[in-house]
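Visitor: Dropping a prediction and its sequence here:
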Amino acid sequence: MSFDPEKTIEQLKSLGRYRRLTLPCGLDLSSNDYLGMADHPALREAALSYFGNEESSVGSGGSRLLRGHAQAHQDLEDYAAQVFGCERTLFFPTGFQANYALLTTLPQRGDVVLYDNLVHASMRDGLVACRAKSFKFPHNDMNALEDLLKRYRGKAQNIWVCAESVYSMEGDQAPLLELYKCAERYDAMLIIDEAHATGVLGEDGRGLVYDAICKNKGYEHIVTLYTCGKAMGVAGAIICSNSGIIDYMVNTSRPFIFSTAPMPVQAVLVQKSLEIILSTDGAARREKLHKICRYTQQLLGGHGGHIVPIILGEDSVSVDVAEQLQNKGYDIRAIRPPAVPAGTARLRLSLSAKLKRENIREFVNAFEDIRKAL
Ligand SMILES: Cc1ncc(COP(=O)(O)O)c(C=O)c1O
């Protein structure tokens with residue numbers, strides 16, 4: 001047996017890339033619970049009410065195509081289709097599984113997938129297992145994308161273009177309309193991951209794609225993915241598209257077919273969360289978050305979003321600074337490769353509606369003191 005985990009662990013330690021599991025501790029500046037929904041009383045009540053019914057089962061007991069398909073899954077998918085204005089939706093237990101399912105199911109042998117250099121690991125891993133050839137374009141570079149589209153139009157059977165509406169580690173946005181026009185011009189299909197826009201941005205928190213594209217253009221040329229474990233405070237992901245794409249996923253997607261369906265209560269909670277996101281409560285939370293974003297931008301600069309990258313460069317420096325901040329009571333984590341490109345290790349300051357201006361002011365002062373002493 002030549003497998004030597006110790007050797008890899010030692011290498012990771014020497015590179016400053018070793019990780020350990022750490023429980024939450026201190027002021028939350030690192031979770032994706034942007035709207036503070038994860039401990040929303042209405043979600044707790046919905047769970048209690050679900051389990052208060054003696055007939056409610058805990059586990060789904062099977063895959064969706066067998067006995068695991070519960071009324072709660074059906075209700076959520078119907079409701080989400082109304083919310084996002086599409087023909088059908090499909091619910092997955094996690095965003096990772098949903099992205100992996102999309103990329104391993106839709107692109108076929110003979111197709112080409114063009115993806116932004118910064119898309120999430122779940123899309124990349126799907127591409128590794130996918131039968132189509134894939135090529136990356138530099139982050140948000142529409143000229144480079146168009147060059148690739150020109151090169152492969154006519155040669156590839158179908159072309160798929162993958163991007164995120166808000167990038168998870170940079171916090172910046174994709175030029176969605178340009179992406180869509182470009183894809184339309186070359187008859188390509190877009191796959192947009194709305195993980196970090198869901199609940200936070202767009203009309204009533206529907207994300208950015210609905211406003212920019214789907215409200216007017218529908219879902220003929222687009223698939224969108226909404227994760228439910230970030231601003232929605234629950235877990236899972238909803239894929240939206242036209243009924244042809246969703247029916248194809250149901251019939252051929254191996255991560256969908258060969259996996260136990262999510263616990264029905266997960267679907268109940270996601271639906272409840274979506275209802276709150278669309279309500280005045282959701283709007284008030286977004287307003288609070290956006291105020292904190294504007295205030296943080298005044299102090300730290302950047303694009304004013306809810307994900308604020310503080311690039312420190314070296315892995316060991318980012319670990320050291322994060323540890324010093326943790327010792328001062330801030331739960332902020334060092335983000336290192338492979339989550340970000342080498343040489344761009346960072347603190348990822350994640351803002352939430354629960355934060356107050358003084359939290360941010362005090363954090364920035366603490367950070368500046370540490371930076372000066374570096
Ligand atoms: C952009 C993006 N897509 C997908 C995922 C995966 O979602 P989940 O955490 O629900 O598996 C993440 C998780 O961090 C993400 O940042």
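Guide: All right, it came through fine.
Visitor: Phi, psi for Arg44 please.
Guide: Note on Arg44: its backbone torsions stand at phi -60, psi -40 [degrees, to the nearest 10].
Visitor: now swap in Phe91 and tell me
Guide: phi -100, psi 140.
Visitor: these two touch, right, it and Leu269?
Guide: No - shown here, Phe91 and Leu269 do not form a contact pair, counting by Cβ atoms under 8 Å, at 11.6 Å. The way it works is simple: take the backbone N, C-alpha and C, and place the C-beta from them, glycine included.
Visitor: can you list the residues of this structure near the ligand?
Guide: 94-96, 99, 120, 122, 164, 168, 193, 195-196, 227, 229, 237 (Cβ under 6 Å from any ligand atom).
Visitor: can I get these in a markdown table with secondary structure and pLDDT?
Guide: Formatted as a markdown table, the residues of the chain next to the ligand follow (DSSP: H, G, I helix; E, B strand; the rest coil; pLDDT from 0 to 100):
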| residue | secondary structure | pLDDT |
| --- | --- | --- |
| Thr94 | coil | 98 |
| Gly95 | helix | 98 |
| Phe96 | helix | 98 |
| Asn99 | helix | 98 |
| His120 | coil | 97 |
| Ser122 | helix | 98 |
| Glu164 | strand | 98 |
| Ser168 | coil | 96 |
| Asp193 | strand | 98 |
| Ala195 | coil | 98 |
| His196 | coil | 98 |
| Thr227 | strand | 98 |
| Gly229 | coil | 98 |
| Ala237 | strand | 98 |
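Visitor: Most neighbours out of these, which is it?
Guide: Within those, most neighbours by other Cβ atoms under 10 Å means Asp193, with 32 neighbours.
Visitor: which one is that residue nearest to, not counting chain neighbours?
Guide: Sequence neighbours aside, Glu164 is the residue nearest to Asp193 in space, at 4.5 Å (criterion: Cβ to Cβ, 6 or more residues apart in numbering).
Visitor: and that neighbour, how far is that from Ile245?
Guide: Glu164 is 19 Å from Ile245, where distance means Cβ to Cβ, to the nearest Å.
Visitor: what does Tyr152 give?
Guide: 21 Å.
Visitor: same deal with Ile277?
Guide: For Ile277, the distance to Ile245 - Cβ to Cβ - is 24 Å.
Visitor: Tell me the spacing between Asn34 and the ligand.
Guide: One correction, residue 34 is Tyr, not Asn. Going from Tyr34 to the ligand by Cβ to the nearest ligand atom, to the nearest Å gives 12 Å.
Visitor: Contacts only, for Thr198.
Guide: 205, 207, 226-228, 230-232 (Cβ atoms under 8 Å, 6 or more residues apart in numbering).
Visitor: Gln324: neighbouring residues, count only.
Guide: Gln324, neighbours per other Cβ under 10 Å, totals 16.
Visitor: Show me what the helix ranked longest in the chain is packed up against.
Guide: Identified as the longest helix of the chain according to DSSP state H is helix 280-300. Here helix 280-300 is seen to pack against strand 307-313, helix 357-373 when contacts are counted using 3 or more Cβ pairs under 8 Å, 6 or more residues apart in numbering; DSSP states H and E.
Visitor: give me the residue from the stretch 1-150 of the chain nearest the ligand.
Guide: At 2.2 Å from the ligand, Gly95 is the closest residue in the stretch 1-150 of the chain, using Cβ to the nearest ligand atom.
Visitor: could you pull out the strands for this structure?
Guide: For the chain, the strands defined by DSSP state E cover 27-28, 88-92, 112-116, 133-137, 159-164, 189-193, 222-227, 237-241, 307-313, 330-331, 334-335, 345-350.
Visitor: so who does the nearest residue in space to Thr105 that is not next to it in sequence touch?
Guide: Closest residue to Thr105 apart from its sequence neighbours, by Cβ to Cβ, 6+ apart: Ser253 at 4.0 Å. Neighbour list for Ser253: 101-102, 104-105 [criterion: Cβ under 8 Å, 6+ apart].
Visitor: who wins for most neighbours among these?
Guide: Highest count within these by other Cβ under 10 Å belongs to Leu102, 30 neighbours.
Visitor: Surely it touches Val223?
Guide: Yes - under the criterion of Cβ under 8 Å, Leu102 lies in contact with Val223, with a separation of 6.5 Å.
Visitor: any shared contact partners between those two?
Guide: Residues touching both Leu102 and Val223 by Cβ under 8 Å, 6+ apart: 191, 239.
Visitor: Provide a list of residues in contact with Gln297.
Guide: 303-304.
Visitor: What spatial separation is found between it and Ile213?
Guide: 27 Å.
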